[in-house]
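[1] Okay, here's the prediction I keep looking at, along with the sequence it came from:
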Amino acid sequence: LWVDNVKELNTEVDEVAPCITADGSEIILSSNRTGNMDIYTAERQRRKWKNIRGIEELNTEGDDVASSLAYDGQRILLFKTIEGQNDIFETQLQGTTWTEPKLKMSKVVNTGFNETFASYDPQDIKVYYVTDGGHGGDLDIIFSGKKDQEEKFWGKGQSAGHEVNSAFHEGSVYMAPDGQ
């Protein structure tokens, strides 16, 4: 595995959760370069990331972290910190503007605990996410499936299992397009 420092994106502060569009032309990431976590985008031109800018319609006074870009590039799962609580939201691309993020999956999934770093599954039926909500103790990977096409009803979060969750903190979730 080879990891390179992407000098045109990285700063002295944290950059997390990069999401690259399927055609490789754009990256969406989160960074605390303004003192709190905000969502940024950059374009790929001649093998370099250029024109990095905040996605203003998604950034608030609190922490906003993009954790997953849908495979079609039209939706982002993000989590927001509101009154000390992290919940999963979704925004949709309309033209060139992202819509105001809406709570994704209801309070069946967004509980009184912190839900973060969500990822779409390739079939777009389930969402995997990280929670400190108790299934195994620390931070665990959980999934929930939609019960209807309108996405009004979601199943209660279920553990991804002991093959995935350890006795330690689990981190970001990423589902590859092949489901692996």
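    All right, it came through fine. Numbering: from 1, shown residues only.
[2] what's the pLDDT at the residue positioned nearest the centre of the chain?
    Residue closest to the average C-alpha location in the chain (C-alpha atoms, centre = their mean): Ser67, at 1.5 Å. You'll see Ser67 listed with a pLDDT of 92.
[3] Poorly predicted segments of this structure, please.
    Across the chain, the ranges flagged by pLDDT under 70 are 1-3, 134-137, 149-151, 178-180.
[4] picking up where we left off before, for my notes, confirm the residue nearest to the centre of the chain occurs in a strand.
    Yes: checked against DSSP: H, G, I helix; E, B strand; the rest coil, Ser67 lies within a strand.
[5] Which secondary structure element is home to the nearest residue to it once chain neighbours are set aside?
    Excluding the flanking residues, the one nearest Ser67 by C-beta to C-beta, 6 or more residues apart in numbering is Phe117, at 4.5 Å. For every residue, glycine as well, the C-beta is placed using N, CA and C. Here Phe117 sits within strand 115-120, counting by DSSP states H and E.
[6] Run through the neighbouring helices and strands of that strand.
    strand 64-69, strand 75-82, strand 85-94, strand 126-131 (3 or more C-beta pairs under 8 Å, 6 or more residues apart in numbering; DSSP states H and E).
[7] if we go to 6 Å?
    Helices and strands touching strand 115-120, by 3 or more C-beta pairs under 6 Å, 6 or more residues apart in numbering; DSSP states H and E, are strand 64-69, strand 85-94, strand 126-131.
[8] State the number of residues packed around the closest residue to Val65 other than its chain neighbours.
    Distance criterion C-beta to C-beta, 6+ apart; nearest residue to Val65, sequence neighbours excluded, is Ser30 at 4.4 Å. Applying other C-beta atoms under 10 Å, we find 25 residues neighbouring Ser30.
[9] Okay, and the beta partners of Ser30?
    When bridges are called by DSSP bridges, Ser30 pairs up with Val16, Ile39.
[10] Dihedrals phi and psi, Val108?
    Note on Val108: its backbone torsions stand at phi -60, psi -40 [degrees, to the nearest 10].
[11] right, and it touches Trp154 too?
    Yes: assessed by C-beta atoms under 6 Å, Val108 is found in contact with Trp154 at 5.5 Å.
[12] out of those two, which sits in the more crowded spot?
    Trp154 (20 against 13).
[13] Does that one touch Val109 like I think?
    Yes: Trp154 is within contact range of Val109, at 5.5 Å (criterion: C-beta under 6 Å).
[14] Quick check: the residue located most distally from the centre of the chain vs Glu8, distance?
    Largest separation from the mean C-alpha position in the chain: Arg46, at 27.0 Å (C-alpha atoms, centre = their mean). Computed as C-beta to C-beta, to the nearest Å, the Arg46 to Glu8 distance reads 11 Å.
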